[in-house]
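> Below are the sequence and a predicted model for it; my questions follow.
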Amino acid sequence: MGSEQQYIDLFKQAGQVLCENSADVLNEVRQAAFEDFCRLGFPSKKVERYKYIDVAEVFAPNYGVNLKRLTFQIDPYKAYRCSVPQMGTSLYYLVNDVFYASHMAVGSLPASVFVGSLRTYASSHPDFVRKYYGQLGQTGNDSLTAFNTAFAQDGLLIYVPDGVKVKQTLQVVNLMRGEIDLMTNRRNLIVVGDEAEVDVLFCEHALDNSNFLTTNVSEVFMGAHSRLSIYGVEETRKNNRFFENMYLSQGACSHLEYCTVTLQGGLTRRCCDFIFSGEGSDAHIMGAVIADGEQQVDNNLLVDHQKGKCKSNVLYKYVLNDHAVGAFAGKVMVRPGAQKTDSKETNANLCVSPTARMYTQPMLEIYADDVKCNHGSTVGQMDQSALFYMAQRGITPDEARLLMQHAFVNEVIEKIHLIPLRERLSTMVMQRFRHGVNACGDCNLCRTELEDVLNKN
């Protein structure tokens, strides 16, 4: 045992504190998850889905853990505003892994919709949470999922009952805050009922220069004929380490749009399983990555066609500069009997500097004979002929490179169906290439106010 030992010791010493500050439903699977973690340990690079990251090394430092659920005496609803112009949102905040419900967002959400603390809802509706929690994220198969399940005490629950169509976008802002190096383990549980519809936007921000390590496990259930859009925007800092495992199950004839945009960060690793559990569903899965300096971004996908007549379209694009390292692995699995599957997977990458590195591995594994599947990947540099063409028209070399990079990434952004979000992200991408601020315009307006509030507490 190496890095694992300190966490094994922590669990044995503070297991009672973990349970006392959580909910019974979460505690019921905690011990089994811990035993799975002890058996598996942190994955080495010999494990296929972790081959580009030394996980044990990342977890080796001594991080603080907020086991007693201490809260900062702030109201992020007043001190920090994160919004997208011209897009009505219901806004919610988690500081580290604590849901702040002191001043809930005022909106016109249907009364039957719940957005809030997973721990709170599990205490009042244990049978409902027990039906879903830990069902997709099996701890025996992935050690980081086991680790998170063993240590997570709270998180976010989004529940949209059958037939309910939420008009407002649900915006969840995850704020990392701490004066010491801190680890956060949080859960997301999203349940969208039959014929229900909702859009969810997750924003990741870091407010301090401490070293932050986050594990985040999301379990998403989509009912028959439902529609769900999930967007993720990451704007943190170079000393952030973010590990996310997401497990998503689609019911029959459901529609999914999933897109993550990584603008700033240190190390980002997303492992996502998209499972077609019913026939006639479709999924549009997208990602855009802009990385420079020493950033490292790894996206690992499994698109699991368990049922037939389903369609998946995967598009990921990376722009890497300086010594940044990118990795993409996407496996499309077509199970026996999943006939009439239609799947397309594309990964295109641009290495702006000669020292940037990109690892790409698109894969197909097909056990049905009536399918239409294709995949491909490219890794290239700036098109010199295009740069020359633009120079002939009076565009400076720096501006030409910026425009080409923006157009390259914008192919992903323009596929987002929410027009205000699409426009905001396009602007943020341009700012990123111009080395602009590490936050969207609205967030930047009130950053100073928030820091003043935090410093007084």
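Done, it's in. Numbers count the residues shown, from 1 in each chain.
> Give me the number of neighbouring residues for Gly88.
Neighbour count of Gly88, defined by other Cβ atoms under 10 Å: 13. Every C-beta, even on glycine, is put in place using the N, C-alpha and C of the backbone.
> Looks like it contacts Leu170 (just checking).
No - with contact defined as Cβ atoms under 8 Å, Gly88 does not reach Leu170; the gap is 10.9 Å.
> So which residues of the stretch 1-150 of the chain form helices?
Counting by DSSP state H, counting those that start in this stretch, the stretch 1-150 of the chain has helices at residues 4-20, 24-28, 30-40, 55-59, 76-79, 118-124, 126-132, 143-151.
> who wins for proximity to Ala291 among those helices?
Closest to Ala291 of the helices of the stretch 1-150 of the chain is helix 55-59 (Cβ to Cβ; 16.7 Å).
> Buried by neighbour count: which residues of the closest one qualify?
By 16 or more other Cβ atoms under 10 Å, the buried positions in helix 55-59 come out as Val55, Ala56, Val58, Phe59.
> quick one, what contacts Leu109?
Contacts of Leu109 were listed using Cβ atoms under 8 Å, 6 or more residues apart in numbering, and they are Ser90, Val115, Val166, Gln168.
> That one and Gly2: what is the separation?
Leu109 sits 46 Å away from Gly2, going by Cβ to Cβ, to the nearest Å.
> Quick check, pLDDT for the residue sitting furthest away from the middle of the chain.
In the chain, counting by Cα atoms, centre = their mean, Gln392 sits farthest out from the average C-alpha position, at 41.7 Å. We have a pLDDT of 70 for Gln392.
> now do Tyr100
In this model, Tyr100 is scored at 82, pLDDT.
> Distance check, the closest residue to it other than its chain neighbours against Val115.
With sequence-adjacent residues excluded and distances taken as Cβ to Cβ, 6 or more residues apart in numbering, Tyr100 is closest to Tyr93, at 4.7 Å. Counting by Cβ to Cβ, the gap from Tyr93 to Val115 is 11 Å.
> Kindly report the same for Ala327.
33 Å.
> in the sheet, who's paired with the closest residue to Ala356 other than its chain neighbours?
For Ala356, ignoring the flanking residues on the chain, the nearest one in space by Cβ to Cβ, 6+ apart is Leu320 at 3.7 Å. Residues in a beta bridge with Leu320, per DSSP bridges, are Ala291, Cys351.
> Have a look at Ala327 and Val115 and say which one is more surrounded.
Taking neighbours as other Cβ under 10 Å, Ala327 and Val115 compare with Val115 leading, 24 against 20.
> so what's the nearest residue in space to the more buried one that is not next to it in sequence up against?
Sequence neighbours aside, Ile158 is the residue nearest to Val115 in space, at 5.4 Å (criterion: Cβ to Cβ, 6+ apart). By Cβ under 8 Å, 6+ apart, the contact set of Ile158 is Phe114, Val115, Leu170, Asn188, Leu189, Ile190, Val191, Val198, Val200.
> Helices of the stretch 201-350 of the chain, residue ranges please.
Taking DSSP H, counting those that start in this stretch, the stretch 201-350 of the chain contains no helices at all.
> Quick check, pLDDT for Asp442.
On pLDDT, Asp442 comes in at 46.
> One more: Arg447?
At Arg447, the model reports a pLDDT of 46.
> likewise Met183?
Met183 is assigned 96 on the pLDDT scale.
> quick one: it from Cys272, how far?
Computed as Cβ to Cβ, the Met183 to Cys272 distance reads 22 Å.
> How about Arg357?
Applying Cβ to Cβ, the value for Arg357 to Cys272 is 22 Å.
> what does Val332 give?
13 Å.
> which one of the two has more residues nearby?
Between Val332 and Cys272, Val332 has the larger neighbour count (other Cβ under 10 Å), namely 25 against 21.
> got a list of what the more buried one touches?
With contact set as Cβ under 8 Å, 6+ apart, Val332 has these partners: Val303, His305, Ser312, Val314, Ser343, Glu345, Met363, Leu364, Glu365, Ile366, Cys373, His375.
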